[in-house]
Structures are given as structure tokens and as C-alpha cells.
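Enquirer: Using only what follows, build the 3D model:
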Amino acid sequence: MLAAACGCRLKAARLPLPEKAQVTSAFLVSGKREAFVAIYINSLSSVSDILASASVTGVSVSHWRKPALAPFPNNNKYWPMKQQYISYQETIDFLQQAMGEHPDLIRVHSIGETHEGRPIMMATISRDVAYADEKPALLYTGTIHAREWIGIELATRFIRYVIANYRTDPRLLSTLTRNTLYMVPCLNPDGFEYSRNHFSFWRKNRRDNGDGTFGVDLNRNFPVRFRKNNDTSSNIYGGPEAFSEPETRAVRDFVESHANITIALDYHSQGNVFFPAHKFNHEEEMEGADLNMLCANMANEIRKVTGRQYGIHRGKPPFNLIHGSGREYYYSKGIMATVVEVGTRNIPDYLINMSQSVDENIPALVHALDSAINYSKHAPARVPSLTAETIGASDVTLCWTYDRPDDCCFEIYRSESAKSPCTADHCIAVTRSLSYTDTQLKSGQRYFYNIRVVDQVTSIKSAFTPELKIRTLLARDEFFYTLFPAKGDVGYVGEKTATLNSNHFGYNSLFVGINRRKGCCYGIVAFNLERLPPDAAIKKAVFSLYPMNRVNAKIEKFGEWSVSILDTSDINELSSYGQITEANVLQTLGDAIESDRLTQGIWTEWSFTEVERRLLQQQIEQGQLLLRIEGPDHLPPGNDSQMMQFDIGYGRFGGGIHYRPNLEIIYTRESQSVTIEPAALHTITENEVAAGKLLSGFDARGNKIYGDLSFDLTALPDPDCTVITSAYVQLRAKNQLKTRKDIRFTMELVELKDLDHASIRNRQQIEYVGYEVSNEQLRENTSHNFMFDSFCRAILEDLHAADKPVHLVVRPTTPSAESNAIIDWHGEGEARSAQLVINYIERRKLPLPAPADLSATVENNKVRLTWKKPDSPDFIGCYVVRNRFHPPRSPMDGIKLYAGQDEYTFDDFGNPNIPKYYAVFSYDNVPNYSTPATVLFSLDEVISLMDDDIPETQEEEEERLSREYP
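Expert: Numbering: from 1, shown residues only. Next up is the predicted model:
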């Protein structure tokens, strides 16, 4: 029996349902003159449409047409009476019906059977599905964990989307023509049904372990890093051995018999993050850029739907959290594999949160399916290596090699942050050349470049080359400084963890936000500013944090995270929750970041505004900057956590020095000024060169009279450390011209071989200095400044370095003939003579020599690097990087290992069995970086490595400590 209300009353009608019929959907259908309830059912043997109609007063009821498999139309004609999560049997029925109605598009079969006898259903989706196994394919697996229902929901909704749109959407049609989707909506049917009907938080399958416990975590039952665990009651019990379970064996057998699979997506919840696969060697991998880019482009599609930003957590692999996962198994087979963690709850509100998660992931899945062919045998080979031939302050020249480039072109992408998408918006060039110069860049800015090959006949694209990272050079007047907090100056304070707050500093990570156990928590980061000069004029400042985990931010679109500058005058203990919460806030940095845009695995940055930069300069005088990271401070009823976790680089759970919070500052110095009197003045006419005076204009016959003045630059400091920030010549007219004609006077920077009229007329002009001045302007103001532009300032520095004087010519010009029009610009010894005013800062312009005698050896199973630093009073330190693919040409071109004054370091995270390049750069206080000292390291023997295995997570450790030290 059904009843419904929609502003009118419907009579209940008894439905003549077939025996064993299952109701799959019910609709309230209404129009201006009719209203009825329609039931769409599916029996085990046939598909029928039953109409339950009820008379409405004054309304006649007509027949109803069955709904399509497509999503419900958004035209108010068909509204779902109630939308529920789908069951596994309903999923099977739906797949069979879809195959029956679209046999050329969908093929359905079972790839195995569970412990409880349920079939593990797979849908193969491709245009001309009979040829599906001959096309590049994407493998979709969902709900391997029973309580993570997103996998099965997204799968069924995606199939509805395909059916409704593939005939009319050219991109979808092309995608399905060239690629195949193998879709397992639910890889854990027994556990899923147990979760639906008995215990919603159930995770494992339903294997009888024989000791009173049930279940194996199927995502710990694959062979890569499989870990034996005898605790069968554990939620992450991986089974007696790898592939012990029929579910994992089924997908194994399918993968090993389908070499056309190029991408594998494993859908989980929760976290709103991608977890690309790892090889667990802490080294850059050839496919690393591909994995990041696949996820970044999918995340971009998600963002376009809901604005939500998914993270990409591919850095140091969390050893203690990844054992025997399907993702790593697929990757070991050469398949691009990633987990997609969706949403903030395993089983969220369907109509609000689950529907959003499904809708935003449909276009992302289309993108991934479209990409399958780009990683297949049909794709062109990738560019083997992308390097920077030259790097300037505003440009970089990229270069690469490629065999047979005639049949292809190259797409080049640029971004200002890592793990950014490669879309049309990021494509800066399409070229057939083997080099490209990117211009109009920002000085001192990080840039990330990616390149791929496009077959010009098939339009199939190659995989990506490992990403190239560079930082442009600083502008001539700029300094760059990266500050890191001392170990004891970074940590967090919790409202309910008073006895442990002092232990939260310099160890593991920051918890920011609120949960039931810790209460409200704030992150604290203090920077020592004493090494910044007191006259630093800050041009740019960016504070960066690395979010390492957002699983405990469980509420969709709730709360925001921000950073505040605190007044340190009332704080004498950083670990005091009371002092931190009650501190006076001087300023909040930039914009707060909302919860659905705060990702894990991607650096989060807060840029200082001009007001905040001025405040930062004030903090330089105090020698410290104290930042408080804040999240939500309360929880809605029924919720227990909205907590983000940020890396600090230290402790056994930290990611190492790469992941420390940092403050990057670009600054200049307060300029010094020098005023230089002319070394010589000359007036040059056709007939003579008169020394000691400076005139220019037109003589009685209308011939030009030139003024020449020169300046000696010996008053400036050492040219190797002098940067001219501004310069101008000041001239003051001694008289005025009576004519109203447009006579103008220009100043030129010139080279003169001889000082005579002919040499001046045939002068080697270098550049105009400033703008011309007219006689009209001189009547209003007798003084005029001729400003040197950037090119002229560079010439001044070159002349200073060459110990040459500056020659300037004052030239008259007029559009018509003129005579007897001469300006007297003063002579030698007069109080108001010409002068050159130069503002400058002292800053090294040339890098130091490179380190010497670089060598790499193995010590205690780690690579030890040694070198000799240059002997210079301006030496600040050496910067060490490694790169697996090519010799690093700049400090950003690889993974940072060390920066400091020592003459050795260890590669703590690398795998010594993998060949790689190491490079060491010396640097000064600008910093200018030297050319690199480079070594190629490789071994003949194999070194056995021990896993840095940790039996508990940081949260588990902290819970244990709170019990031990209440």
C-alpha cells in the first residue's frame, strides 16, 4: 500500500505486484489535471510496469509511461517520492536491465563468487562492446570496504549518465569509442549487505575466521607489502595470506587476463583526496607526474561542479598505513592506479552529501576514462627529459630531445604550484620545436612545467615527462629568504590536553580544529627574524603549511582555517593553551580557507597583503613572528570531529625537512644615495667645442647646438656589489625661450670617440634618458629630472664595472626651423650646476664558485655526500638536491636534501639501489646560486633496506599517551 501527499489527497490503491517483485523506484506524477503514484518494479524473471492510480476529486487519471534509465529529468515532471541507497540485488537487476536495453553498449557478467555465494558483478561499457577487450581500458572498483557506499552509488549513477548522454555528447561518444570501462560497482558484496542490514560501520568481508571472528580487510589482502597479522578481530586484518579471499582473487584473475587495462580507480570514502599508488622507495618515479596529473585533472573536473577541492597525497608514502592494497597491486602490473577518497562520511545524507559526491565525480570519471588510451600501446612515447637551458628573472628557456618529432607536436604546461591540472587554461604553448622560451614571468617565483607529445594524426597524447621545477632569478634589487621554525617553536595546544601540550612541540604534526577528545586545538609556529636586516623592505611574503591528513574533518562545508599574527608581549610559554587563546591578534592573514577547499597532500599558502607586509616589517624589530593556525572552535550536535592535521617535518610521523612549515620572503634594502657633480661640461657647435659650460638649442643659422656632460662613477662602492635602483640627471635652465614654437630638449646616453660636432651628429646612441622637456615646461619649472630606465641603469652599472665615465648629450629638436633659441644649463662652479643622483643598494651580483671534490659513497646503507665549500667571506651555505632523471641545473630541479654550512650530508630517504644524480650549489646571502657540482651515483651490488614500519598512527599514539599520563 502507498500513500502520498502533495497538496491534494490521493486514495490508497492495492497494487497487483507479481510474486517476488522488487520495487526499485516510486514516483509521484502530477500535472495540472492529474496526479498519481507510479511504481517501477523489477522481478527476478521479467521487467514490468505497474501503475497504481487513485482518483482525486475533480481530477481524471490517465496512463503513465515508464521512466528511462537516465537520471531523473530536472523539469518537475517526475519527482522521487523517496530516494534510498541501492542494495546489491537492486544493483544486479539494474545492470541486467541496462544490458538488456543497450546490448551494444553494456555487457554484464560475474567475475567470481563471495563466501556467501553472491556473484561479483562486472559491467563492461564501451561503444561496440563486443570489441571492448581490444581497446585501452579503465578498471573501476567500488566499495571494497563494506561501509564505503560511494563506490556502488557512483557506479550505478555513472551508467545512467552514460546511457542518457553518450549519443548526444561528442566527447563522451569519442571516449567510449576509443576506450573501455570495466566497472565492479561492489567488490565486497557480502560485507556491503552486512553493513546495510546489520552493522553500518562494518568494513571487512564476511569470511568466517574460525575463531569466532569474521572478515578480512580486502584492501590489505593483495600481495604488495602484504603484512601477516594474527589479530583476526582487527579492522585491518589482511587475511592468512595474500589473495586468500575470493573477491581479491577474482579481480586478480581479471586484471592478469586483461593487459589492455591502463588506469585503475578504487573508490573509497572518506577524505576528499586522491591517494596515487607508491613503489615505497622515496624516489621520484617516471610515472609520478602522470599519477599527479591524472588526479589533478580529475580534481579540476570535481571543482567545476561543486567548487570542492580534492587533495592529492603523493609524497612520502605512509609506510604504516599501506599494506597489501589493491592500488599498489595494480601499479605493480604497470597500471596507473589511484584511490579516490570521496566525502567526509562513509554513509552521508543521501540527498545532500552523497548526491553532491556522485554528481561531482561523474565528469572526473569521464576524464579518467578518456585518458586510458594515452597510457596504452597506441600512445606516442613520452619526452625522455625536460630541462631548463637558461633561467632568468623574467624568462626561462626549456629544451628537450625526441626521436621522430616530425609526426607530432608538443604541449607545454605551466603552473605556479605543484599538483596543478594540465588543462587548456594551463597550456602555454603547442610547438614542433625542441625548445621553448617562456617569457613575462615573475622574479623569484616557483614554476612547474610539464610536457607531453601529441600524435598529429590520431590526436592521442603521450604520458607526461617528469615535472620540471624552477625558480626564476631574483630582480636586481631583490633578496630571498626562507625561514623555518626551530624544532621547539612549532607545535599545537589542545584545550583538553594540558599535560601533553609541551610534548606537542617539535614532534610529529599539528592538529588544528576541534574534536571530542582534544577539544579546541590551535597550531603555533614561531619564526626567528633576527637574520633579516632591519632595513628590509618586504615585497612579498608567503606562509606555507602542508596538510597531511583531513580524515578527521568529518563535516561537509563546515568551518574554515585561518592564520593570525599574535602579539608576543603577553606570551612567555608557547605551550600554554590559555596564553595562546587569550593573546591579542594583530592581524589575520589573507583569506580564510573553507573546509571543502582545504586539501591534504597539496601545500596550503597564505600570502601577505601590503598591510600585513608592513606589520611583518614591524615584527622584524622585535625579532620574532608568532603565527596561530586556527580552525573551527565548536561542533554541531551529533558530530565528534572537525580536525585538520598539518605536517611539521619532525618526528617519526613527519615527512622530513621537505614538509616543514615555512615563510618565504622577497625583500629589498633601503637605498643609499650619492650625488655626483659633472666631471666635464661642453657646448658643441659647428665651429667650436667650448669647455666649462652647458648650452643647447639652435644658433643664428638654425644649426643645432649640443650640450655634453660626463660623470665619473668612482664614488660608488665595489661594482660587483652595487645595484643601482634609480638614477636621474637634474638640469636647471638659466633662461627661458621667448618663442612659442614647440622646441624640446632630449638627453641621450652615448659613446663618443671624439668630442666634435661631426662626432656628435654621427654619435653611437645607446638610449634616451627619461622624457624630453619642452620650452613650455621650462617656463613653468626651470628644473627637470631626466630619469634613467632599467636599460640605462644596467649601462651605468656596466660603465662602473669597466671604470668608464658616463657621457650624456643634451640635444634640441623642433618640427620646424628655428634660430637663436638657446638654453643655458649653467656652467662649472655655479651653485645650480647639473648633477647625477644615484640611489643604490649593496648586493652581490655574481654567484660564488661551485663546491669542489663532490663524491658519493655508501655508509650504513645510506648515500653519504661530501664536498669542499668555496673559500669566500660571502659564503652562506651549500644546497644539495637529487634528481633521478637528469643532472640538476638549478636548486629547484630535484628533491632538496640539505642546505647549510656543512661539507657533507646523507640522503636519508632515497633508495641507494636506484641510480640518480646529485648536485651541490653554493650560495651567498642574496642568494645567488653557483653552477652545480654534479655526480652520477649508482651501485653494482644491491643493498637490503629495512622498512620504517610503525605499528600505530599518531592519533593512536597520542590516545595511548593520554591514558598513560592523564
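
Enquirer: Now do the same contact list for Arg414.
Expert: Arg414 sits next to 426, 428, 438, 447-449 when contact means Cβ atoms under 8 Å, 6 or more residues apart in numbering. C-betas here are computed from N, CA, C, even on glycine.

Enquirer: repeat that with 6 Å
Expert: Going by Cβ atoms under 6 Å, 6 or more residues apart in numbering, Arg414 touches 428, 447, 449.

Enquirer: per-residue confidence at it?
Expert: Note for Arg414: predicted pLDDT of 98.

Enquirer: now it, nearest residue through space, not along the chain?
Expert: Ile428 (4.8 Å; Cβ to Cβ, 6 or more residues apart in numbering).

Enquirer: I'd like the distance from the one you found to Asn785, if you could.
Expert: Counting by Cβ to Cβ, to the nearest Å, the separation of Ile428 from Asn785 is 39 Å.

Enquirer: what's the answer for Thr423, then?
Expert: 48 Å.

Enquirer: picking that back up, from the contacts of Arg414, which single one is nearest Val184?
Expert: Tyr449 (37.0 Å; Cβ to Cβ).

Enquirer: can you count the residues close to Gly506?
Expert: When neighbours are counted by other Cβ atoms under 10 Å, Gly506 registers 17.

Enquirer: Double-check that it belongs to a strand.
Expert: No. Going by DSSP: H, G, I helix; E, B strand; the rest coil, the assignment for Gly506 is coil, not a strand.

Enquirer: For it, which non-adjacent residue is spatially closest?
Expert: Gly506 sits nearest to Lys487 (Cβ to Cβ, 6+ apart), 3.7 Å away.

Enquirer: Identify all contacting residues around stretch 739-753.
Expert: 759, 763-769, 772-775, 786, 792, 807-814, 818, 821.

Enquirer: do that again at 7 Å, thanks
Expert: Stretch 739-753 is contacted by residues 696, 729, 737, 759, 763-770, 772-775, 786, 792, 795, 807-816, 818, 821, 823 when judged by Cβ atoms under 7 Å, 6 or more residues apart in numbering.

Enquirer: now do stretch 172-179
Expert: 125-127, 135-138, 162, 165-167, 366, 369-370, 372-373.

Enquirer: Of all the residues in it, which ones are buried?
Expert: 172, 175-176, 178-179 (16 or more other Cβ atoms under 10 Å).

Enquirer: how much space between the residue nearest to Lys304 when sequence neighbours are not counted and Phe479?
Expert: Spatial nearest neighbour of Lys304, excluding adjacent residues (Cβ to Cβ, 6+ apart): Pro363 at 7.1 Å. Distance of Pro363 to Phe479, computed by Cβ to Cβ: 45 Å.

Enquirer: hang on, Thr124 packs against Tyr140?
Expert: No. Thr124 is beyond contact range of Tyr140, at 10.8 Å (criterion: Cβ atoms under 7 Å).

Enquirer: who has more neighbours, those two?
Expert: Tyr140 (27 against 20).

Enquirer: name the element that one belongs to?
Expert: Per DSSP states H and E, Tyr140 falls inside strand 137-142.

Enquirer: picking up where we left off before, and for Thr124 and Tyr140, which residues touch both?
Expert: By Cβ under 7 Å, 6+ apart, the residues touching both Thr124 and Tyr140 are Tyr182.
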